[in-house]
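J.: dropping a prediction and its sequence here:
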Amino acid sequence: MAASRKLASFRLPPLPTVGELIKLYNLRAEKQLSQNFLLDLRLTDKIVRQAGSLRNAHVCEVGPGPGGLTRSIINAGAADLVVVEKDTRFIPGLKLLSEAAPGKLRIVHGNILTYRIDRAFPASVSRPWEGDPPNLHIIGNLPFSVSTPLIIKWLENISNRTGPFVHGRTRLTLTFQKEVAERLTASTGSRQRSRLSIMAQYLCTVHSCFTIPGRAFVPKPEVDVGVVHFTPLVQPQIRQPFRLVEKVVRNIFQFRRKYCHRGVEKLFPEARREELTQELLRQADVDPVLRPTELTIPKIGALADAYAHLCAREAGLFDYEFREELRLKRLSGKGETPADAPLGEGC
(Lines give C-alpha, C1' and ligand atoms only; values in the text may rest on other atoms or scores of the structure.)
Protein backbone atom coordinates (compact mmCIF):
# COMPACT_ATOMS: atom_id res chain seq x y z
CA MET A 1 0.00 0.00 0.00
CA ALA A 2 2.80 2.43 0.91
CA ALA A 3 4.55 1.66 -2.37
CA SER A 4 1.31 2.30 -4.27
CA ARG A 5 0.88 5.71 -2.59
CA LYS A 6 4.48 6.60 -3.37
CA LEU A 7 3.97 5.64 -7.01
CA ALA A 8 0.82 7.70 -7.38
CA SER A 9 2.31 10.80 -5.71
CA PHE A 10 5.37 11.00 -7.98
CA ARG A 11 6.06 14.49 -9.32
CA LEU A 12 8.58 15.44 -11.96
CA PRO A 13 11.70 17.21 -10.63
CA PRO A 14 12.42 20.80 -11.75
CA LEU A 15 12.95 20.85 -15.52
CA PRO A 16 13.27 23.44 -18.27
CA THR A 17 9.82 24.73 -19.21
CA VAL A 18 8.23 23.53 -22.44
CA GLY A 19 8.94 26.94 -23.93
CA GLU A 20 12.60 26.69 -22.92
CA LEU A 21 12.84 23.22 -24.49
CA ILE A 22 11.41 24.58 -27.72
CA LYS A 23 14.14 27.22 -27.76
CA LEU A 24 16.85 24.80 -26.62
CA TYR A 25 16.17 22.34 -29.45
CA ASN A 26 15.15 25.04 -31.95
CA LEU A 27 11.72 23.47 -32.44
CA ARG A 28 9.14 25.02 -34.71
CA ALA A 29 5.62 23.81 -35.40
CA GLU A 30 5.38 22.49 -38.96
CA LYS A 31 2.34 23.94 -40.72
CA GLN A 32 2.16 21.04 -43.21
CA LEU A 33 1.89 18.64 -40.26
CA SER A 34 -0.80 20.85 -38.64
CA GLN A 35 1.28 21.06 -35.44
CA ASN A 36 0.31 23.50 -32.69
CA PHE A 37 2.04 23.53 -29.30
CA LEU A 38 0.12 23.92 -26.05
CA LEU A 39 2.54 25.49 -23.58
CA ASP A 40 0.20 26.36 -20.69
CA LEU A 41 0.51 23.49 -18.19
CA ARG A 42 -2.71 24.58 -16.49
CA LEU A 43 -4.52 23.71 -19.72
CA THR A 44 -2.67 20.43 -20.19
CA ASP A 45 -3.53 19.54 -16.59
CA LYS A 46 -7.18 20.35 -17.37
CA ILE A 47 -7.14 18.05 -20.43
CA VAL A 48 -5.70 15.22 -18.34
CA ARG A 49 -8.36 15.66 -15.65
CA GLN A 50 -11.05 14.92 -18.27
CA ALA A 51 -9.68 11.37 -18.54
CA GLY A 52 -10.58 10.70 -14.90
CA SER A 53 -8.15 9.36 -12.33
CA LEU A 54 -4.80 8.33 -13.83
CA ARG A 55 -3.50 6.97 -10.53
CA ASN A 56 -1.27 4.00 -11.40
CA ALA A 57 -2.81 3.96 -14.89
CA HIS A 58 -1.37 2.78 -18.18
CA VAL A 59 -1.52 5.57 -20.76
CA CYS A 60 -0.73 5.99 -24.45
CA GLU A 61 -0.21 9.57 -25.52
CA VAL A 62 -0.57 10.41 -29.21
CA GLY A 63 1.81 12.99 -30.70
CA PRO A 64 3.41 14.39 -27.53
CA GLY A 65 5.49 16.98 -29.42
CA PRO A 66 7.52 19.04 -26.93
CA GLY A 67 5.94 17.18 -24.00
CA GLY A 68 3.58 19.58 -22.24
CA LEU A 69 0.71 17.11 -22.00
CA THR A 70 3.26 14.38 -21.22
CA ARG A 71 4.32 16.22 -18.05
CA SER A 72 0.71 16.54 -16.92
CA ILE A 73 0.06 12.82 -17.45
CA ILE A 74 3.13 11.85 -15.39
CA ASN A 75 2.26 14.31 -12.63
CA ALA A 76 -1.31 12.88 -12.54
CA GLY A 77 0.11 9.59 -11.26
CA ALA A 78 0.36 7.42 -14.39
CA ALA A 79 2.53 4.40 -13.71
CA ASP A 80 3.30 3.57 -17.34
CA LEU A 81 3.20 6.08 -20.20
CA VAL A 82 3.92 5.23 -23.83
CA VAL A 83 4.28 8.24 -26.13
CA VAL A 84 4.08 7.77 -29.90
CA GLU A 85 5.82 10.55 -31.83
CA LYS A 86 6.40 10.62 -35.58
CA ASP A 87 8.59 13.75 -35.68
CA THR A 88 12.25 13.01 -34.89
CA ARG A 89 12.88 16.58 -33.71
CA PHE A 90 10.91 15.99 -30.50
CA ILE A 91 12.70 12.81 -29.40
CA PRO A 92 15.62 14.50 -27.49
CA GLY A 93 13.23 16.57 -25.36
CA LEU A 94 11.12 13.49 -24.63
CA LYS A 95 14.24 11.57 -23.61
CA LEU A 96 14.96 14.34 -21.09
CA LEU A 97 11.50 13.73 -19.59
CA SER A 98 12.09 9.97 -19.60
CA GLU A 99 15.32 10.40 -17.63
CA ALA A 100 13.50 12.60 -15.11
CA ALA A 101 10.79 9.93 -14.63
CA PRO A 102 12.76 6.65 -14.62
CA GLY A 103 10.72 3.59 -15.51
CA LYS A 104 7.58 5.59 -16.27
CA LEU A 105 7.97 6.90 -19.82
CA ARG A 106 8.55 4.83 -22.95
CA ILE A 107 9.16 6.61 -26.24
CA VAL A 108 8.06 5.15 -29.58
CA HIS A 109 9.31 6.88 -32.70
CA GLY A 110 6.54 5.94 -35.11
CA ASN A 111 3.21 6.69 -36.78
CA ILE A 112 0.13 6.34 -34.59
CA LEU A 113 -1.93 5.29 -37.64
CA THR A 114 0.12 2.09 -37.92
CA TYR A 115 1.47 1.60 -34.37
CA ARG A 116 0.09 -1.46 -32.53
CA ILE A 117 -1.07 0.03 -29.22
CA ASP A 118 -2.46 -3.36 -28.18
CA ARG A 119 1.10 -4.72 -27.99
CA ALA A 120 2.36 -1.86 -25.82
CA PHE A 121 0.70 -2.98 -22.59
CA PRO A 122 0.66 -6.23 -20.58
CA ALA A 123 -2.28 -8.63 -20.65
CA SER A 124 -2.77 -7.95 -16.93
CA VAL A 125 -4.29 -4.55 -17.76
CA SER A 126 -7.19 -6.21 -19.61
CA ARG A 127 -10.76 -6.24 -18.28
CA PRO A 128 -13.87 -8.03 -19.57
CA TRP A 129 -15.78 -5.93 -22.10
CA GLU A 130 -18.96 -6.16 -20.05
CA GLY A 131 -17.19 -4.94 -16.91
CA ASP A 132 -15.62 -1.64 -15.93
CA PRO A 133 -13.15 -0.05 -18.37
CA PRO A 134 -9.50 -1.04 -17.87
CA ASN A 135 -7.11 1.37 -16.17
CA LEU A 136 -5.81 2.19 -19.65
CA HIS A 137 -6.25 5.51 -21.40
CA ILE A 138 -5.44 7.08 -24.76
CA ILE A 139 -4.82 10.82 -24.53
CA GLY A 140 -3.65 13.21 -27.19
CA ASN A 141 -3.50 16.75 -28.50
CA LEU A 142 -3.98 15.58 -32.07
CA PRO A 143 -2.72 17.34 -35.20
CA PHE A 144 -5.78 18.34 -37.22
CA SER A 145 -4.52 16.38 -40.24
CA VAL A 146 -4.82 12.99 -38.50
CA SER A 147 -7.66 13.54 -36.01
CA THR A 148 -10.60 12.42 -38.18
CA PRO A 149 -8.98 9.38 -39.86
CA LEU A 150 -7.61 8.33 -36.47
CA ILE A 151 -10.94 8.45 -34.65
CA ILE A 152 -12.62 6.55 -37.51
CA LYS A 153 -9.89 3.89 -37.26
CA TRP A 154 -10.40 3.61 -33.50
CA LEU A 155 -14.19 3.49 -33.84
CA GLU A 156 -13.79 0.51 -36.17
CA ASN A 157 -11.44 -1.04 -33.61
CA ILE A 158 -14.12 -0.54 -30.93
CA SER A 159 -16.70 -2.24 -33.13
CA ASN A 160 -14.37 -5.22 -33.69
CA ARG A 161 -12.78 -5.10 -30.19
CA THR A 162 -9.36 -4.94 -31.78
CA GLY A 163 -6.35 -2.62 -31.44
CA PRO A 164 -6.35 -0.75 -28.10
CA PHE A 165 -9.72 -2.33 -27.33
CA VAL A 166 -8.51 -5.91 -27.02
CA HIS A 167 -7.90 -4.89 -23.39
CA GLY A 168 -11.53 -3.84 -22.87
CA ARG A 169 -13.39 -0.55 -23.14
CA THR A 170 -10.32 1.67 -23.25
CA ARG A 171 -11.23 5.34 -22.80
CA LEU A 172 -10.09 8.15 -25.10
CA THR A 173 -9.51 11.82 -24.29
CA LEU A 174 -8.59 13.73 -27.44
CA THR A 175 -8.47 17.19 -28.95
CA PHE A 176 -10.09 18.10 -32.26
CA GLN A 177 -10.68 21.17 -34.35
CA LYS A 178 -13.75 22.75 -32.72
CA GLU A 179 -15.97 22.04 -35.73
CA VAL A 180 -15.05 18.33 -35.63
CA ALA A 181 -15.63 18.21 -31.85
CA GLU A 182 -19.10 19.70 -32.41
CA ARG A 183 -19.88 17.07 -35.06
CA LEU A 184 -18.76 14.24 -32.78
CA THR A 185 -21.10 15.37 -30.00
CA ALA A 186 -24.00 16.82 -32.05
CA SER A 187 -27.52 15.74 -31.05
CA THR A 188 -30.35 14.67 -33.36
CA GLY A 189 -31.75 17.61 -35.32
CA SER A 190 -28.83 19.94 -34.70
CA ARG A 191 -27.06 21.77 -37.52
CA GLN A 192 -23.77 19.97 -36.75
CA ARG A 193 -25.34 16.48 -36.92
CA SER A 194 -23.28 14.46 -39.39
CA ARG A 195 -21.87 11.09 -40.41
CA LEU A 196 -19.25 11.46 -37.68
CA SER A 197 -21.94 12.07 -35.03
CA ILE A 198 -23.64 8.77 -35.81
CA MET A 199 -20.46 6.68 -36.12
CA ALA A 200 -19.13 7.91 -32.77
CA GLN A 201 -22.37 7.85 -30.80
CA TYR A 202 -23.65 4.44 -31.83
CA LEU A 203 -20.45 2.94 -30.36
CA CYS A 204 -19.54 5.30 -27.49
CA THR A 205 -20.72 7.68 -24.87
CA VAL A 206 -19.25 10.89 -26.29
CA HIS A 207 -18.78 13.89 -24.01
CA SER A 208 -17.71 17.40 -24.98
CA CYS A 209 -15.41 18.53 -22.17
CA PHE A 210 -14.37 22.12 -22.88
CA THR A 211 -13.05 24.40 -25.62
CA ILE A 212 -9.51 25.76 -25.76
CA PRO A 213 -9.20 29.12 -27.55
CA GLY A 214 -6.83 29.11 -30.49
CA ARG A 215 -4.73 31.85 -28.89
CA ALA A 216 -3.57 29.31 -26.26
CA PHE A 217 -1.54 27.47 -28.91
CA VAL A 218 1.77 28.31 -30.56
CA PRO A 219 1.46 29.09 -33.39
CA LYS A 220 -2.14 30.23 -33.06
CA PRO A 221 -4.43 28.13 -35.31
CA GLU A 222 -7.29 29.80 -37.17
CA VAL A 223 -9.82 27.81 -35.13
CA ASP A 224 -10.49 26.91 -31.51
CA VAL A 225 -9.96 23.38 -30.21
CA GLY A 226 -12.44 21.07 -28.49
CA VAL A 227 -11.58 18.35 -25.95
CA VAL A 228 -13.74 15.23 -26.32
CA HIS A 229 -13.94 12.15 -24.08
CA PHE A 230 -15.09 8.74 -25.38
CA THR A 231 -16.14 5.67 -23.39
CA PRO A 232 -17.04 2.62 -25.52
CA LEU A 233 -20.53 1.24 -24.87
CA VAL A 234 -20.94 -2.29 -23.56
CA GLN A 235 -23.41 -2.91 -26.40
CA PRO A 236 -23.38 -0.76 -29.56
CA GLN A 237 -26.65 0.95 -30.41
CA ILE A 238 -26.55 -0.61 -33.90
CA ARG A 239 -25.86 -4.36 -34.10
CA GLN A 240 -24.39 -4.58 -37.59
CA PRO A 241 -20.79 -4.76 -38.90
CA PHE A 242 -18.96 -1.44 -38.82
CA ARG A 243 -18.43 -1.28 -42.59
CA LEU A 244 -22.11 -1.86 -43.30
CA VAL A 245 -23.15 0.84 -40.84
CA GLU A 246 -20.53 3.22 -42.28
CA LYS A 247 -21.81 2.61 -45.83
CA VAL A 248 -25.43 3.29 -44.88
CA VAL A 249 -24.56 6.43 -42.91
CA ARG A 250 -22.16 7.72 -45.60
CA ASN A 251 -24.83 7.42 -48.29
CA ILE A 252 -27.55 9.03 -46.19
CA PHE A 253 -25.40 12.03 -45.27
CA GLN A 254 -24.02 12.72 -48.73
CA PHE A 255 -27.30 14.62 -49.27
CA ARG A 256 -27.61 15.97 -45.74
CA ARG A 257 -29.79 18.98 -46.72
CA LYS A 258 -32.24 16.88 -48.74
CA TYR A 259 -34.77 14.26 -47.71
CA CYS A 260 -33.20 11.04 -46.45
CA HIS A 261 -34.62 8.93 -49.28
CA ARG A 262 -32.19 10.70 -51.66
CA GLY A 263 -29.20 9.15 -49.90
CA VAL A 264 -30.91 5.80 -49.31
CA GLU A 265 -31.53 5.52 -53.07
CA LYS A 266 -27.80 5.54 -53.73
CA LEU A 267 -27.39 2.23 -51.91
CA PHE A 268 -28.97 0.53 -54.92
CA PRO A 269 -28.19 0.09 -58.63
CA GLU A 270 -30.21 2.34 -60.90
CA ALA A 271 -32.21 -0.49 -62.48
CA ARG A 272 -33.81 -1.43 -59.13
CA ARG A 273 -33.32 1.80 -57.20
CA GLU A 274 -36.94 2.84 -56.72
CA GLU A 275 -38.19 -0.65 -55.85
CA LEU A 276 -35.47 -1.44 -53.28
CA THR A 277 -35.51 2.04 -51.74
CA GLN A 278 -39.23 1.77 -51.03
CA GLU A 279 -38.79 -1.72 -49.61
CA LEU A 280 -35.93 -0.67 -47.32
CA LEU A 281 -37.75 2.40 -45.99
CA ARG A 282 -40.89 0.34 -45.43
CA GLN A 283 -39.01 -2.40 -43.56
CA ALA A 284 -37.21 0.19 -41.42
CA ASP A 285 -40.41 2.19 -40.83
CA VAL A 286 -38.58 5.42 -41.69
CA ASP A 287 -40.37 8.48 -43.09
CA PRO A 288 -38.68 9.15 -46.47
CA VAL A 289 -39.03 12.93 -46.08
CA LEU A 290 -37.07 13.21 -42.85
CA ARG A 291 -33.76 15.04 -43.22
CA PRO A 292 -30.63 13.01 -42.43
CA THR A 293 -29.98 15.24 -39.40
CA GLU A 294 -33.44 14.33 -38.03
CA LEU A 295 -32.79 10.57 -38.01
CA THR A 296 -32.21 9.14 -34.54
CA ILE A 297 -29.62 6.40 -34.05
CA PRO A 298 -32.39 3.77 -33.57
CA LYS A 299 -33.88 4.84 -36.94
CA ILE A 300 -30.48 4.58 -38.61
CA GLY A 301 -30.07 1.21 -36.92
CA ALA A 302 -33.38 0.10 -38.45
CA LEU A 303 -32.14 1.22 -41.88
CA ALA A 304 -28.89 -0.72 -41.36
CA ASP A 305 -30.83 -3.84 -40.30
CA ALA A 306 -33.10 -3.60 -43.34
CA TYR A 307 -30.13 -3.05 -45.66
CA ALA A 308 -28.33 -6.07 -44.15
CA HIS A 309 -31.47 -8.16 -44.82
CA LEU A 310 -31.54 -7.03 -48.46
CA CYS A 311 -27.81 -7.70 -48.86
CA ALA A 312 -28.30 -11.24 -47.58
CA ARG A 313 -31.07 -11.75 -50.13
CA GLU A 314 -29.57 -9.92 -53.12
CA ALA A 315 -26.20 -11.33 -54.17
CA GLY A 316 -23.54 -8.68 -54.73
CA LEU A 317 -25.63 -5.80 -53.39
CA PHE A 318 -23.21 -4.83 -50.63
CA ASP A 319 -20.40 -4.45 -53.19
CA TYR A 320 -22.39 -1.89 -55.20
CA GLU A 321 -21.00 1.65 -54.93
CA PHE A 322 -22.93 4.57 -56.37
CA ARG A 323 -19.84 6.71 -56.78
CA GLU A 324 -18.13 4.04 -58.85
CA GLU A 325 -21.19 3.78 -61.09
CA LEU A 326 -21.22 7.56 -61.39
CA ARG A 327 -17.54 7.61 -62.31
CA LEU A 328 -18.07 5.05 -65.07
CA LYS A 329 -21.05 7.01 -66.40
CA ARG A 330 -19.02 10.19 -66.55
CA LEU A 331 -16.28 8.39 -68.43
CA SER A 332 -18.88 7.32 -70.99
CA GLY A 333 -20.41 10.83 -71.15
CA LYS A 334 -23.66 9.85 -69.43
CA GLY A 335 -23.06 11.25 -65.96
CA GLU A 336 -25.45 13.20 -63.74
CA THR A 337 -25.60 16.94 -64.10
CA PRO A 338 -23.65 18.91 -61.48
CA ALA A 339 -26.93 19.93 -59.83
CA ASP A 340 -27.73 16.26 -59.15
CA ALA A 341 -24.25 15.25 -58.04
CA PRO A 342 -23.52 14.50 -54.37
CA LEU A 343 -22.80 17.54 -52.22
CA GLY A 344 -19.64 16.05 -50.75
CA GLU A 345 -20.14 17.67 -47.38
CA GLY A 346 -17.52 15.64 -45.57
CA CYS A 347 -18.09 14.07 -42.18
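T.: In hand now; what should we look at? Numbers count the residues shown, from 1 in each chain.

J.: what residue ranges in the stretch 1-150 of the chain score low on pLDDT?
T.: 1-9, 16, 18-35 (pLDDT under 70).

J.: what segments of it are strands?
T.: Applying DSSP state E, counting those that start in this stretch to the stretch 1-150 of the chain gives strands spanning 37-38, 58-62, 80-85, 105-109, 136-140.

J.: of all the ones you listed, which lies closest to Tyr115?
T.: Across the strands of the stretch 1-150 of the chain, Tyr115 has its closest neighbour in strand 80-85 (5.2 Å, Cβ to Cβ). All C-beta spots, glycine's among them, are computed from the backbone N, C-alpha and C.

J.: now the closest one and strand 58-62, what's the angle there?
T.: Strand 80-85 and strand 58-62 are oriented at 10 degrees to each other (axes from the mean of the first three to the mean of the last three Cα atoms, to 10 degrees).

J.: partners of strand 80-85, with directions?
T.: Looking at strand 80-85 with DSSP bridges, its partner strands are strand 58-62 (parallel), strand 105-109 (parallel).

J.: pipe the strands of the stretch 1-150 of the chain into JSON lines and attach distance to Ala200 and mean neighbour count per row.
T.: Shown next, in JSON lines, are the strands of the stretch 1-150 of the chain (distance: least, Cβ to Cβ, whole Å; neighbours: other Cβ atoms under 10 Å):
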{"stretch": "strand 37-38", "distance to Ala200": "23", "mean neighbour count": "20"}
{"stretch": "strand 58-62", "distance to Ala200": "17", "mean neighbour count": "25"}
{"stretch": "strand 80-85", "distance to Ala200": "22", "mean neighbour count": "23"}
{"stretch": "strand 105-109", "distance to Ala200": "26", "mean neighbour count": "17"}
{"stretch": "strand 136-140", "distance to Ala200": "14", "mean neighbour count": "25"}
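
J.: of all those strands, which one is nearest Gly52?
T.: strand 136-140 (7.8 Å).

J.: indicate which one of the strands paired with strand 80-85 is closest to Phe10.
T.: Closest approach to Phe10 among the strands paired with strand 80-85 (Cβ to Cβ): strand 105-109, 11.3 Å.

J.: show residues contacting the closest one.
T.: Under the criterion Cβ atoms under 8 Å, 6 or more residues apart in numbering, residues 70, 74, 80-86, 88, 91, 94-95, 97-98, 115, 120 lie in contact with strand 105-109.

J.: JSON lines please, covering the strands of the stretch 1-150 of the chain and showing distance to Ala271.
T.: Compiled in JSON lines, the strands of the stretch 1-150 of the chain are given as follows (distance: least, Cβ to Cβ, whole Å):
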{"stretch": "strand 37-38", "distance to Ala271": "54"}
{"stretch": "strand 58-62", "distance to Ala271": "46"}
{"stretch": "strand 80-85", "distance to Ala271": "48"}
{"stretch": "strand 105-109", "distance to Ala271": "51"}
{"stretch": "strand 136-140", "distance to Ala271": "46"}
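
J.: right, and the strands paired with strand 80-85 - which one's nearest Ser159?
T.: Among the strands paired with strand 80-85, strand 58-62 comes nearest to Ser159, with 19.5 Å by Cβ to Cβ.

J.: starting at the chain centroid, how far to that closest one?
T.: Chain-centre distance of strand 58-62: 15 Å, with Cα atoms, centre = their mean, to the nearest Å.

J.: stretch 269-283 now?
T.: For stretch 269-283, the distance to the chain centre is 32 Å (Cα atoms, centre = their mean).

J.: right, I'll call it a day here.
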